[in-house]
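1. Give me coordinates for this.
(2 chains)
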Amino acid sequence: MNTDNNIYTIVYTTIVVVLVAAVLALVSQKLGPMQAANEKAETISQILTAAGFGDKNHWQEQGNAATLKFYRENIESSDLYDTTGGYVGALDFSRCEIYSTSELKAQDYAIRGKGGMPVLPVYRFSNGKVVIPVYGAGLWGPIWGYIALEEDLRTIAGAYFDHASETPGLGGKIKDDPAFRGQFAGRSIDFTDKSAPFHIVKGGAPEGKANAIDAITGATMTSRGLDAAITTWLNAYGKSLEVKEAPADSASVSNTTEEEQLWEN
Amino acid sequence: MGKLKETILTPILKGNPITVLVLGICSSLAVTVELKGALVMALSVTIVTGLSSFICSIIRNTIPNRVRIIVQLVVVALMVILVDQFLKAFEATYAIDKSLSVYIGLIITNCIVMGRIEAYALGNKPLPSLLDGLANGVGYGSILLIVAFFRELLGSGTLFGFKVIPQALYDAGYVNNGLVILPPFALILLGCIIWVHRSLDKTLQEK
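-> All right, here's what the predicted structure looks like:
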């Protein structure tokens, strides 16, 4: 048979591509639920790591079931707010319901005003830490992470970041370099700062600036992307972080509203 | 029988893809910090080279010559994506798959895979092609494991994550070597392995 014939070539490649696509679709459908379970445990372990419950390797050793169990036992509330600080609903933490990375993507889209109303999750843990996610674009693909705040909702307690395809050893350091992550602890977010509530500064954070950390050398675009992601998300959270903060003159009043809110949930 | 033995042994020793053909260097530098990652990578590459050589050999007489490379690439990509999907689905391999990040996907561009299909599978029967692919994967993987053994031992003091260097040694002032963790050291180590290999097998030395 003449395999160099044009028609033969077109028909042949079409059949090959359709076959391959069918196999991939089938496998993806069969393995999807298992992958989703792994991804969920991974996300929860990232949230727990940010909140200061052991480091990431610890959760990896514990395995999925133990990680989920620990989450259920230590979460106090996982509520959803809109950008005006209004309470929208709650995630069912008895079922370990969380916002996965794919849902963060949709929220990021909404925050940037490209459709829909963003619904922002706030995870509150028994150790007083409040964890919020951030999501944005790195150099090669999406980057995301979790920032844990102390009870005052201004001091950062810890952070954990992950990425889809940043360069290992450069942009990948947002995840792999504990020294980078470590910079976040003890820093603060400052909504009175005109330019942004938090900064990642190329060339080093200025001395005495509490709401800034050093960028990663050799990973300018990833650092910039993370900086933009944190700014975007903190601003979106701005109102919900303020609402729950007790103003100095009416501390008792807002405390009760916060308590009521917790009871309602 | 002798030919079959040759098919299996050549890629592991005399025609080792890394030390003799110097293919697949990039990933062998990148994923050899830990034995666990290197082992998963070695197995993945072995499966991918074996199965894609096998499939390409089965369809070798039907492939239109003008789109030969594209068809091969589709087969290789299918295998790589399947391996990646399976690694992601199991709890035990999920974390390793994450730590190998882009390198699993980059098996597609590993010269060994396409090289073996072009050089062997397209001209031979399916079964020898399968063995050739698997043997090349093993040849690649064995070097990966040797490099990873030294890098994990000297760089982290562990093997497969287990501590092997006693605490007493650390107390006496021993420290893990940070240089070993970095990719340049993998290249130095690879150079040493090639040196040892060539001095053992004189036929490999150039005049």
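
2. Every contact and neighbour count from this point should use C-alpha atoms.
-> OK.

3. Name the SS class of the residue of the stretch 101-250 of chain A found nearest chain B, please.
-> Among the residues of the stretch 101-250 of chain A, A:Ser165 lies closest to chain B, at 6.5 Å counting by C-alpha to the nearest C-alpha. When classified by DSSP: H, G, I helix; E, B strand; the rest coil, A:Ser165 comes out as coil.

4. Could you pull up the residues touching it?
-> A:Ser165 makes contact with A:140-142, A:172, B:101-102, according to C-alpha atoms under 8 Å, 6 or more residues apart in numbering or on different chains.

5. and if we set it to 10 Å?
-> Contacts here follow C-alpha atoms under 10 Å, 6 or more residues apart in numbering or on different chains; on that basis A:Ser165 touches A:138-143, A:171-172, B:101-102.

6. Quick one: name the residues of chain B near chain A.
-> Listed as neighbours of chain A in chain B under the rule C-alpha under 10 Å from any C-alpha of the partner chain: B:30, B:61-68, B:70-71, B:74-75, B:77-79, B:81-82, B:85-95, B:98-103, B:182-183.

7. ok, now with 6 Å
-> For chain B, the contact set with chain A under C-alpha under 6 Å from any C-alpha of the partner chain comprises B:64, B:88-89.

8. can you give me the strands for chain B?
-> Here chain B has its strands, by DSSP state E, at B:158-159, B:162-163.

9. now the last one, how far from the centre of its chain.
-> In this case it means strand B:162-163. Taking the mean of its C-alpha atoms, strand B:162-163 sits 24 Å from the chain's own mean (C-alpha atoms, centre = their mean, to the nearest Å).

10. same check, this time on stretch A:104-122
-> Between the mean C-alpha point of stretch A:104-122 and the mean C-alpha point of its chain there is a distance of 12 Å (C-alpha atoms, centre = their mean).

11. quick one: terminal-to-terminal distance for it?
-> With C-alpha to C-alpha, to the nearest Å as the measure, the first residue of stretch A:104-122 is 12 Å from its last.

12. same check, this time on stretch A:92-109
-> 24 Å.

13. Quickly note the distance from the residue of the stretch 101-250 of chain A closest to chain B to B:Val67.
-> Here the distance between A:Ser165 and B:Val67 works out to 30 Å (C-alpha to C-alpha).

14. Return the residues in contact with B:Arg151.
-> The neighbours of B:Arg151, taking C-alpha atoms under 6 Å, 6 or more residues apart in numbering or on different chains as the test, are B:33, B:180.

15. 7 Å instead, please
-> Taking C-alpha atoms under 7 Å, 6 or more residues apart in numbering or on different chains as the criterion, B:Arg151 is in contact with B:33, B:180-181.

16. circling back: quickly, which of the strands of chain B bottoms out on average pLDDT?
-> Ranked by mean pLDDT, the strands of chain B bottom out at strand B:162-163, with a mean of 84.

17. So what are the sheet partners of that strand and their directions?
-> Note on strand B:162-163: by DSSP bridges, its sheet partners are strand B:158-159 (antiparallel).

18. What is the distance between the partner strand and the centre of its chain?
-> Computed by C-alpha atoms, centre = their mean, the separation of strand B:158-159 from the middle of its chain amounts to 20 Å.

19. all helices of chain B, in order?
-> Using DSSP state H, the helices of chain B run over residues B:2-12, B:25-30, B:35-58, B:68-89, B:91-100, B:102-105, B:111-119, B:126-156, B:167-171, B:178-181, B:183-200.

20. Which of those helices sits closest to A:Pro33?
-> helix B:68-89 (8.2 Å; C-alpha to C-alpha).

21. For that closest one, what is the distance to the chain centroid?
-> That offset, for helix B:68-89, works out to 16 Å (C-alpha atoms, centre = their mean).

22. what packs against that helix?
-> Applying 3 or more C-alpha pairs under 7 Å, 6 or more residues apart in numbering or on different chains; DSSP states H and E, one finds that helix B:68-89 contacts helix A:6-50, helix B:35-58, helix B:91-100.

23. As JSON lines, the ones you listed with mean neighbour count and mean pLDDT would be great.
-> Formatted as JSON lines, those follow (neighbours: other C-alpha atoms under 10 Å in any protein chain shown; pLDDT from 0 to 100):
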{"stretch": "helix A:6-50", "mean neighbour count": "17", "mean pLDDT": "93"}
{"stretch": "helix B:35-58", "mean neighbour count": "24", "mean pLDDT": "93"}
{"stretch": "helix B:91-100", "mean neighbour count": "18", "mean pLDDT": "84"}
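
24. do you know which of those helices lies nearest A:Ala196?
-> Using C-alpha to C-alpha, the nearest of the helices and strands packed on helix B:68-89 to A:Ala196 is helix A:6-50, at 21.8 Å.

25. the inter-axis angle of the closest one versus helix B:91-100?
-> If you take axes from the mean of the first three to the mean of the last three C-alpha atoms, to 10 degrees, helix A:6-50 sits at 100 degrees to helix B:91-100.
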